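> what shape does this take:
(chains A and B)
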Amino acid sequence: MSLAFESPHLQSAALLTQAGSALPLSEAYAEILPHGLLRGQVVVCHGVAAYSIALGLVERAVTVGSWLAVVDLEQVSPEAIAEFGIPLHRVIGVTTGDDPANVLSAVFDGFDVVLIPAHRYRGALARRISQRIRAKGVTLIVIDDVDEVGVRDAVSLGDVALVGSDVHWEGIGWGVGRLLARHLTVSATGRRSPRPLRSEMQLPAAVDVRVGHINDAVSDVDDDVVGATVDDDEEYRWRLRVV
Amino acid sequence: MAASGGVTSSVPRVLTLWCPEWPVRAVAPIDGPLIVFDQHRVVAACAIAREAGVRTGDRKRVALRTCPNATVVPRDYVAEVQSFERVVSAVVDIIPLVELLEPGSLCLDMRGPTRYFEGEQFVVDHVRSVVATQLGEEIPIGIGVADGRAASAIAARRSGVTGHQVIVESGRTAAAFTTMSLRWFYAIGEMSIDLVELFERLGINTVGDLAALDQRDVLGRFGLPGVRAYRVATGVDERPLSSIIPSQLPERERRFDEPLLTVTPVVFTARELASELVHELSIEGLVCTRMTVTAETEHSERSERHWYRSEGFTAAAIVDRVRWQLDSWVNEPSSVSAGVIVIRISITSVRPDDGVQHGFWGGASEADGRASRAVARLATLCGPEGVRVPLPIGGRLPEDRYRWFPATVVDGDHHVDVLAPWPGSVVQPAPVIVPTSEVRIEVVNDRGESVGVSGRGEMTSDPVCVVIDGRSHRVVAWAGPWPLIERWWDERRRRRLARLQVVLEDGSAHLLAVEHQRWHLMGTHG
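Predicted coordinates for the structure are as follows:
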């Protein structure tokens, strides 16, 4: 509370009560979310790279000690979560089942950062959820990858909407190479900041972890695309891949 | 030494019955030498192997060097317990309060029987005769009587070896065992073999050597296990015997005269029981790791759950679990039709309380605590399958590499290792979304025909469009195919497929696979 009196720019009641309790962000995100990842806030990640934007967003917070609940998102691959640098021993997957309201309130009791799909954040339940997370100081991240709400509604749904655009994949061509890195522009639109802030970033950020050992399958392919190959060679390669 | 005068008066007189080499006896008889192992150490050997020089506690390879033609059998606890059952029931017939130590060994408090049979010698004779009737006269048994459990266990071992009963007079424990090897402490389960070997390396070979040390030094250097051994060596072994037959772990139960119709008073009672239990365990330096909570209603409806917590239950943690269990029980439709009349908490597993290591910044952090409580609570709300933790498995395909496992089967403080490299997998970045069920797609060329991968691992033509969910997306870049044959020797689990990476016009990237001429979506870089 004392922090609020020191600050000349009081922005909202939520900010007032949660002053100074923002979760940490990586540098790329700090550019577009100058107030940090606030507790009690709803962030909607929208569009083609919604999952990656969400994982990049929570990475720093989970690394320094917050727990992450991944609710009703069984399709999210733990491997990808780990690749974003998130320590897996602080990640829990939850399936809400028939009673989402009760289960979610138990989730908010225990976890600082919660990822849910957009179809779980609708109507009466959404209102209940947003009250609850403000009371508990939980940061809720809604993933809307199937264009369920639309960009305009994404902004009205949450306190902040993050939308990815201008996706460019590095390392892949027409029949050559492989996916190496994704560059994209992420723009943040808030209720109180109608002009979006943009940042170019690479997601996942740290690709260099395992790049040291490009493994057999890929190096084989690199050969393929470099020069014409003899049939016998290919036959041989097939056998090599027999495990 | 402390084993004199008034100090020993609180130490109970204990009789221990020990059947030598019981693990061998539980195995069906075979010709030639037989050795039973547990965790790579000898736990029992038959007479032939003994003669060859095999000793209890030897490493497996040492034992096999001494007795190369021996048959090696892993320990089978269940069979041992079953075959020992008739001995137990025979003894229980004459002396009801018996405590099972391990298969082949039991002990009992001498105070009552001595009075009933008018003398320790008569008790020993009676026990010997009923056991001999069960097992046959020719099988050697050891019976020892001494102050405290450990001393009497050692006495029983000695008796089993010599064939004569060993009765150590009250207060003479330390003197009687001074020259005995510390290996006995391993044999009776009072010391780990590592600790025994550590003592031996330091020149402490006999019980007398250990007893001559200062207790504070022992605590400082060897910790709690050392002190436990020291207490046994000096003859102050005050652990009471349980009077409950099979189990030595405490249990608390409260019956209500008036059936309780709300959860709160039941939980309140559980709080009392929990603090009693935790207090009782803490006196012995133990902490409960597994417990069973049972509640029953007037109409005999019953809720029973087993709870486990690796760091041990505090009283508050026990109460939390009781509340969660009752809450979920009464909220279940048609599970409860009357008031609760019994609440019972049984401890089913304990371990020495060595405290909890806290993190550097004042934690196992508050966030960790909240999260682990939430996990336990969620497990009751949405079932064990509803709360999962990610663990690496390993494999070449995205769906194989990591799995979500029910959180209840994983220890709370599990550590997730980084996956080792798997040659043949498609490298980083991994697809973020891996479909949980198969998603069929079409991959077509510029003429609208389906694209395939030849037996030689080549695309039949360039993929131009991908049809997902009936919607067609133009391909802007693609790479591959990367063929893969897995487990060709296994009819049911073999896979032969080729993978392809595509980037679509909206900027999304996907990993596709073709298997048996059909394409499916393996993952999406969402």
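> now B:Tyr230. Nearest residue, chain neighbours left out?
B:Val218 (4.6 Å; C-beta to C-beta, 6 or more residues apart in numbering or on different chains). C-betas here are computed from N, CA, C, even on glycine.
> who touches that neighbour in this structure?
Neighbouring residues of B:Val218 by C-beta atoms under 8 Å, 6 or more residues apart in numbering or on different chains: B:Leu210, B:Gly226, B:Val227, B:Ala229, B:Tyr230.
> closest to chain A among the residues you listed?
B:Gly226 (33.0 Å; C-beta to the nearest C-beta).
> what residues are up against the closest one?
With the criterion set at C-beta under 8 Å, 6+ apart, B:Gly226 makes contact with B:Leu195, B:Val218, B:Leu219.
> most neighbours among the contacts of B:Val218, which one?
B:Ala229 (26 neighbours; other C-beta atoms under 10 Å in any protein chain shown).
> what helix or strand is that residue located in?
helix B:215-234 (DSSP states H and E).
> tell me what whatever helix or strand comes next after that helix is packed against?
The first helix or strand that comes after helix B:215-234 along the chain, using DSSP H and E, is strand B:251-260. In this structure, strand B:251-260 makes packing contacts with helix B:263-283, strand B:340-352, judged by 3 or more C-beta pairs under 8 Å, 6 or more residues apart in numbering or on different chains; DSSP states H and E.
> domain map for chain A?
As assigned by automatic domain parsing, chain A contains the domains A:2-206, A:213-243.
> low-confidence ranges in chain A?
Chain A contains residues with pLDDT under 70 at A:1-20, A:146-156, A:192-193, A:206-243.
> how about the helices in it?
A:2-6, A:13-17, A:27-32, A:50-63, A:78-83, A:100-110, A:123-136, A:151-157, A:208-211, A:216-226, A:231-240 (DSSP state H).
> for B:Val389, what are its contacts?
A:Leu88, A:His89, A:Val91, A:Ile92, A:Gly93, B:Trp404, B:Phe405, B:Ala407, B:Val410, B:His414.
> one more: A:Leu68?
Per C-beta under 8 Å, 6+ apart, neighbours of A:Leu68: A:Val58, A:Val62, A:Ile86, A:Arg90, A:Val91, A:Ile92, A:Phe111, A:Asp112, A:Val113, A:Val114, A:Leu115.
> how about the first one, what does it touch?
Looking back up the chat, that one is A:Val58. A:Leu37, A:Ser66, A:Leu68, A:Ile86, A:Val113, A:Leu115, A:Thr139, A:Ile141 are the contacts of A:Val58 under C-beta under 8 Å, 6+ apart.
> which of those tops the neighbour count?
In these, the most neighbours by other C-beta under 10 Å go to A:Leu115, 28 neighbours.
> surely that residue and A:Asp72 touch.
No: between A:Leu115 and A:Asp72 there is no contact under C-beta atoms under 8 Å: 9.1 Å.
> return the alpha-carbon coordinates of the helix holding B:Ala229 using PDB.
Extracted C-alpha coordinates of helix B:215-234, given in PDB (Å, rounded to 0.1, in the frame of the first residue of the first chain):
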ATOM      1  CA  GLN B 215      27.700 -40.300  23.300                       C
ATOM      2  CA  ARG B 216      28.100 -36.600  22.100                       C
ATOM      3  CA  ASP B 217      31.000 -37.600  19.900                       C
ATOM      4  CA  VAL B 218      29.000 -40.400  18.400                       C
ATOM      5  CA  LEU B 219      26.100 -38.000  17.700                       C
ATOM      6  CA  GLY B 220      28.400 -35.400  16.200                       C
ATOM      7  CA  ARG B 221      30.300 -37.800  14.000                       C
ATOM      8  CA  PHE B 222      27.700 -40.400  13.000                       C
ATOM      9  CA  GLY B 223      24.400 -38.700  13.500                       C
ATOM     10  CA  LEU B 224      21.200 -40.400  14.600                       C
ATOM     11  CA  PRO B 225      21.900 -43.900  13.300                       C
ATOM     12  CA  GLY B 226      25.200 -43.800  15.300                       C
ATOM     13  CA  VAL B 227      23.400 -42.800  18.500                       C
ATOM     14  CA  ARG B 228      20.900 -45.600  18.000                       C
ATOM     15  CA  ALA B 229      23.700 -48.100  17.700                       C
ATOM     16  CA  TYR B 230      25.400 -46.600  20.700                       C
ATOM     17  CA  ARG B 231      22.300 -46.900  22.800                       C
ATOM     18  CA  VAL B 232      22.000 -50.600  22.000                       C
ATOM     19  CA  ALA B 233      25.700 -51.100  22.700                       C
ATOM     20  CA  THR B 234      25.400 -49.500  26.100                       C
END
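> okay, the residue lying closest to B:Gly457 once chain neighbours are set aside and B:Val342: tell me how far apart.
Of all residues beyond its chain neighbours, the one nearest B:Gly457 is B:Pro483 (4.4 Å), with distances taken as C-beta to C-beta, 6+ apart. Going from B:Pro483 to B:Val342 by C-beta to C-beta, to the nearest Å gives 64 Å.
> repeat that for A:Val48.
58 Å.
> more crowded one of the two?
Legend: neighbour count by other C-beta under 10 Å for A:Val48 and B:Val342, higher for A:Val48 (22 against 17).
> contact partners for that one?
A:Asp145, A:Gly164, A:Val167, B:Asp506, B:Gly507, B:Ser508, B:Gly526.
> out of these, which are buried?
The neighbour-count test (16 or more other C-beta atoms under 10 Å in any protein chain shown) marks A:Asp145, A:Gly164, A:Val167, B:Gly507, B:Ser508, B:Gly526 as buried among the contacts of A:Val48.
> for the second one, give the beta-bridge partners.
Put plainly, it is A:Gly164. A:Val186 (DSSP bridges).
> thought A:Ala188 was touching it, still the case?
No: applying C-beta under 8 Å as the test, A:Gly164 and A:Ala188 come out as separate, 10.9 Å apart.
> what's the closest non-adjacent residue to the closest residue to chain B within chain A?
Chain B sits closest to A:Gly110 of chain A, with a gap of 2.1 Å, by C-beta to the nearest C-beta. Closest residue to A:Gly110 apart from its sequence neighbours, by C-beta to C-beta, 6+ apart: B:Ala374 at 2.1 Å.
> just to be sure, that neighbour is in a helix?
Yes: looking at B:Ala374 with DSSP: H, G, I helix; E, B strand; the rest coil, it is inside a helix.
> quick check, pLDDT for it.
Looking at B:Ala374, its pLDDT reads 81.
> number of nearby residues for it?
22.
> mind listing what the residue nearest the centre of chain A touches?
With distances taken as C-alpha atoms, centre = their mean, the residue of chain A nearest its centroid is A:Ala54 (1.4 Å). Contacts for A:Ala54 (C-beta under 8 Å, 6+ apart) come out as A:Val43, A:Cys45, A:Leu115, A:Ile141, A:Ile143, A:Leu162.
> the last one against A:His46, yeah?
Yes: contact between A:Leu162 and A:His46 holds when scored by C-beta under 8 Å: they sit 6.8 Å apart.
> next, the angle helix B:215-234 makes with the one helix or strand B:Arg157 maps to.
Assigned by DSSP H and E, B:Arg157 belongs to helix B:149-162. Interaxial angle of helix B:149-162 relative to helix B:215-234 (axes from the mean of the first three to the mean of the last three C-alpha atoms, to 10 degrees): 50 degrees.
> pLDDT on helix B:149-162, on average?
Computed over helix B:149-162, the mean pLDDT rounds to 83.
> circling back: go through the buried ones among the contacts of A:Val48 and name the one nearest B:Ala49.
B:Gly526 (63.1 Å; C-beta to C-beta).
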